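Quick check, what structure comes out for this input:
(chains A and B)
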Amino acid sequence: MRTDRLRSVLLVAALGVLAIPFVVPTVWMVAASVKPLAEIFRAPPSLWTDSPTLSAYREAFSFQPFAQQYVNSVYIAVLVTLITLLVSSLAGYAFARIRFPGANALFLVVLTGMLVPSEVTIVPLFQLFTSAGLINTHWPLILVTALAGPGVLATFIMRQFFIALPVELEEAGRLDGLGRPAIWWRICLPLARPALSAVAILTFLASWNLYLEPTVYLTSPELFTLPQALTRFTDSYGGPMWNTQLAAATMTVLPMLVVFVVAQRHFVEGLSHSGLK
Amino acid sequence: MTRTRAAERTTQQATGQVTGLATAQAATGTGRASGPVFWTTRRRDVLTGYLFVLPQLVGVALFVLLPVGMAIWYSLNERNVFTGEQTFVGGDNYAALANDPQLPEVLLATVLFCGGVVVANVTLGLLIAVLLNRRFRGVTVFRTLFFSPVVVSVVAWTLVWGFLLQDNGGINGLLDTVGIDGPNWLQQGDTAMLSVIFTQVVRGVGVNMVLFLAALQSVPRELYEAARIDGANSRTVFARITLPMISPTVLLAVIVTVAGALQSFAQIAVLTGGGPELSTTVLVYYVFQQAFEFNDIGYGSTLALMLLSFVMLLTLLQWQLRRKWVFYED
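Coordinates of the predicted model:
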């Protein structure tokens, strides 16, 4: 009995030590963001400050159009998520349920979208969007994210879900005289809520985290998204403005962490799908 | 996979039956005098199928297939940076791969980075999963903590680590209090590589932890009981029962992690910018530099295709293994 107790104490201690690099950066980020700049690199390091200040937060908004950049990231992620939900649930349903000539071949074609990294397609896409006059707009971020990359993964997840859904559920609808679109919309989608929420979380985060794409497509600060904006808090020598950067990072990270803690189960389910890529 | 296939087959059979039934109903039900109806339920169904997959197909064609084709074309051409004029050069860009003095260093950095990430990520993920695979107070709290970096944006996460890894930053500050004079992490080749690997692993290990936890929980209890009756100690049980039982998941995690590491751009760009020198310039970062910093579209595309071939090889390997090891994802 006593060894059991000792064991579990040791276990918790070991896990506590392991957890340090997972937790400390976030705590440190928040702590440093409210310190005066002069204190940030003071030795010995401390999380505490006697003179907390929000000046870094004010500076984040005055140095760049940070509020606008925040809005950009949010609206792009929401729009991408909505388009992906619609496109992937339509395609996933059709690939799982409807028999049409060439379905398997077309599904393989779609799967190539999961195979090709965005870093490979970005050079030609940049040329394409340049000739379409869409550079320095949000369209490339919205379209490519929703229809390729994360969007394709979403279609794959939806297809897997619909394959496992008992077909009997649809038969009732069919006997009631519902057509395919009605069956999809009124019967299958409501049942697909777990898969849809996994897809929504996965897609939202993928869009929220984009870095390479905005760096390549966007040049005006008022169009920037958050990850891109975070790296632009630099002084006239190109050195990082640490506390401003950390304040901006805090504002980017904390809402997501709060949502994660609240809706944890969905997040873990959704994101473990990303491992299937 | 076999289970998925079986499900698919029954689904298709069932759909087929239902469709057949519905077609018959439609044919008799409408019963127009002017001959057979063209828009039978079956035909309408086929049309609906095409319409449903159309947006996704157009997306893949426009944003995946077309760009890959273009990249192949670019790799066979040389583009003048100033005039934008393109000239066909055949295999010149591919020959340049062999003569690029930087490429061996880049590939070495890529191998070190991917290797380091996969070994550390899978080992740590397995360790955490094994420790968390029992009931005790606070187990869910720990699971949340270990998973939480996954939802933090890569750039924000890397920025904070970049801040902590400065010469006068938090890590060295802490080392100083115990009397260790820490290195200037991001300014020396080997410690810079270690730093990039470390931040990448801590951010992503949560996904593997979840995969491993699910695998551990699916190992049949009877096996453990049988081993205990045979008097096996816990180390033997882990080596002889647990590990072989979860080996498909471990292999899957290895491949997925390597593929992810091959595509890590933001971490490198934010933490080290590929430096010092070329020590952390991995292939994906080199592609970006060639194409967008040096505007060498032809050579950049050639490198990008090399990256694509690595990722494709890994994916094909993964699909092969998945087929072999009856893995049902859910």
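
and the residue of the stretch 201-330 of chain B nearest chain A?
B:A266 (3.9 Å; CB to the nearest CB). (C-beta placed from N, C-alpha, C; glycine too.)

and that residue, how many neighbours?
Residues near B:A266, counting by other CB atoms under 10 Å in any protein chain shown, number 22.

Would you check that it makes contact with A:Y211?
Yes: B:A266 is within contact range of A:Y211, at 3.9 Å (criterion: CB atoms under 8 Å).

how about stretch B:194-211 against chain A, any contact?
Yes: using CB under 8 Å from any CB of the partner chain, we find that stretch B:194-211 touches chain A at B:F198, B:V202, B:G206, B:V207, B:N208, B:V210, B:L211.

For that stretch, give the mean pLDDT please.
Mean pLDDT, computed over stretch B:194-211, is 93.

Put the alpha carbons of it into PDB.
Output of stretch B:194-211 as PDB, limited to C-alpha atoms (Å, rounded to 0.1, in the frame of the first residue of the first chain):
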ATOM      1  CA  LEU B 194      18.900  21.400 -31.000                       C
ATOM      2  CA  SER B 195      16.700  24.400 -30.300                       C
ATOM      3  CA  VAL B 196      14.700  24.100 -33.500                       C
ATOM      4  CA  ILE B 197      14.200  20.400 -32.900                       C
ATOM      5  CA  PHE B 198      13.200  20.900 -29.200                       C
ATOM      6  CA  THR B 199      10.600  23.600 -29.900                       C
ATOM      7  CA  GLN B 200       9.100  21.600 -32.700                       C
ATOM      8  CA  VAL B 201       8.900  18.500 -30.600                       C
ATOM      9  CA  VAL B 202       7.300  20.100 -27.600                       C
ATOM     10  CA  ARG B 203       4.700  21.800 -29.800                       C
ATOM     11  CA  GLY B 204       3.700  18.700 -31.700                       C
ATOM     12  CA  VAL B 205       4.100  15.800 -29.300                       C
ATOM     13  CA  GLY B 206       0.600  16.100 -28.000                       C
ATOM     14  CA  VAL B 207      -0.800  14.600 -31.300                       C
ATOM     15  CA  ASN B 208       1.400  11.500 -31.000                       C
ATOM     16  CA  MET B 209       0.500  11.300 -27.300                       C
ATOM     17  CA  VAL B 210      -3.200  11.000 -28.100                       C
ATOM     18  CA  LEU B 211      -2.500   8.400 -30.900                       C
END
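
Overlap in contacts, B:A266 and A:Y211.
A:P227, B:V154, B:V155 (CB atoms under 8 Å, 6 or more residues apart in numbering or on different chains).

Rebuild those residues as JSON lines, extending it with secondary structure.
As requested, the shared contacts of B:A266 and A:Y211 are arranged in JSON lines below (DSSP: H, G, I helix; E, B strand; the rest coil):
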{"residue": "A:P227", "secondary structure": "helix"}
{"residue": "B:V154", "secondary structure": "helix"}
{"residue": "B:V155", "secondary structure": "helix"}
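
For the residue of the stretch 201-330 of chain B closest to chain A, give me its contacts.
Contacts of B:A266 by CB under 8 Å, 6+ apart are A:N209, A:Y211, A:L212, A:P227, B:V154, B:V155, B:T158.

Spatially nearest residue to the one residue sitting closest to the centre of chain B, not counting backbone neighbours?
Nearest to the mean C-alpha position of chain B, by CA atoms, centre = their mean, lies B:G260 at 3.5 Å. Closest residue in space to B:G260, ignoring its immediate chain neighbours: B:G204 at 6.7 Å, by CB to CB, 6 or more residues apart in numbering or on different chains.
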